[in-house]
Every structure is written in structure tokens, then in C-alpha cells.
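1. Need coordinates for the following:
(chains A, B and C)
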Amino acid sequence: MAPKLLGMLVAKGDLGLVITEVEAYGGRDDEASHAFKGLSRRNSSMFADGGTLYVYLSYGVHNCINVVTGERGVGQAVLVRSGIIVALTNVSSGAADLRGQVVQGPGRVGKGLGAELSDDGVDLLGAGCWRLLDSRKSLSLEDAPIVCSTRVGISKAKDAPWRFEVGLANLGLGSVR
DNA sequence: ATAGCGATGTTCT
DNA sequence: GAACATCGCTATA
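-> Down below sits the predicted model:
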């Protein structure tokens, strides 16, 4: 699921992010995952249904966002690390102009979208304020090369090649949808 | 260009 | 009391 999220659009209201970099985190089998030690107050939304938003406070400073990708109870999620902030030109269809601000780093992604801890656990697949839309076709990203490497800023399970990026050059200009 | 460090709060040992 | 899925500023080369 992680590489599939590249080129998709996460939106909060009329603000969107075209995803360009992610990291995959497993459930109880991944030492680097917040879900490794099982359910807790902080990570409970990781164990919700796939398509749920998981927002956590990083280093007491940054709100970072994940898309839950596992079945209910598994605790699997994908951290959104970089992307392009865009203003939606049509909120209901998710159309957006691709000229936007590049944001790199999960803290800046959360800040750019205005993610709050109160957004933790919301459904991304319904018709609510937060939505996840598949904009890959309109971006012609389906055959774009994906760079795979190890995850950043962790001390355990350092060797798992679960970080995925698309080069900005592959996005071109134009609009989404 | 690279390294070090403080901010800041929750979680785990 | 330590670690932490980070960032931005400052210092050093």
C-alpha cells in the first residue's frame, strides 16, 4: 500500500497534499512501529479499519499524519513524509491546481495541512472533512519510477527498505483530476 | 556542507 | 529518567 499512496491526494477541507514520500510501518511484527507493543491510548487509531487517519505528536512538537492500511486490529499504517500542498479548486471533486508549496518532512506535512490531534481516528474514505483521493491517473504517475530506501530517524529495524519516494520531476505541471 | 543542540510532551522502563 | 517515526537555529569547516 505504501508505494500506491504516492501521487494520491490527502485533503483537509479545501487544503490538499499530493503525496510524494511515505514510510510503511507494520503492526506487532515491526520493532520501529508505534504499534509494536500493542494497543495504547496514543496508537489506538492505528488498530482501526484501513482508511483511518492516525495523527500523533512527535517529539512534543509536531503533529504527523499516517494512513492506516491494515485490517482492523492489525496496527499497520503509512507515514506521510513529503508532498505538495495544493488548494482545491473544487472541493467535492478534489480537483486542484498543482502549483503549490513543496513540504518535506512529516512535521511540515502535518503543519501544512493543519493536522490536529483531534483529527486522530477520522475516516479518510467517507465524505467528511478529511479525505484520501486517488489522483494518480491524472498525474500520470502509475508508471513513474519509485525510489525505495530505508526509513529515517528510527533506531530499531533500520534495515527494512520501507521508505518510498517519487521524484518531483515526475509530477510535471498542470492540475490534479 | 555538516554537526550539535534545544524545544517540548507523551510514552515506556 | 530515557527515548522518541522532528525541526530549525547556531556553530564549525
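2. how close does A:Val10 get to A:Pro145?
-> As judged by Cβ to Cβ, to the nearest Å, A:Val10 and A:Pro145 stand 22 Å apart. Yep, even glycine has a C-beta here, placed from its N, CA and C like the rest.
3. Which one of these two is surrounded by more residues?
-> Set side by side, A:Val10 and A:Pro145 show more neighbours around A:Val10, with 23 against 10, by other Cβ atoms under 10 Å.
4. wait, A:Met1 sits on A:Ala24?
-> Yes: between A:Met1 and A:Ala24 there is a contact under Cβ atoms under 8 Å: 7.4 Å.
5. list the residues that contact both of those two?
-> Common neighbours of A:Met1 and A:Ala24 are listed as A:69, A:78 (criterion: Cβ atoms under 8 Å, 6 or more residues apart in numbering).
6. The two - which one has more neighbours?
-> Each of A:Met1 and A:Ala24 has its neighbours counted (other Cβ under 10 Å); A:Ala24 has more, 22 against 14.
7. how far out from the middle of the chain is stretch A:67-76?
-> Chain-centre distance of stretch A:67-76: 14 Å, with Cα atoms, centre = their mean, to the nearest Å.
8. can you pull the buried residues of that stretch?
-> A:67-70, A:74-76 (16 or more other Cβ atoms under 10 Å).
9. Just the mean pLDDT for that stretch, thanks.
-> What stretch A:67-76 shows for mean pLDDT is 96.
10. Just confirm yes or no for it near DNA strand B.
-> No: Stretch A:67-76 stays clear of DNA strand B (Cβ under 7 Å from any atom of the strand), getting no nearer than 11.6 Å.
11. Out of the helices and strands in chain A, which is least certain?
-> Lowest mean confidence among the helices and strands of chain A (mean pLDDT, DSSP states H and E): strand A:175-176, at a mean of 69.
12. now chain A, which segments are flagged as low pLDDT?
-> The model of chain A has pLDDT under 70 over residues A:168-175, A:177.
13. Show me what from it comes close to DNA strand B.
-> A:37, A:40-43, A:57, A:59-61.
14. that older thread, can you tell me which of the buried residues of stretch A:67-76 lies closest to DNA strand B?
-> Within the buried residues of stretch A:67-76, the smallest distance to DNA strand B is 11.6 Å, found for A:Gly75 (Cβ to the nearest atom of the strand).
15. That'll do, ta.
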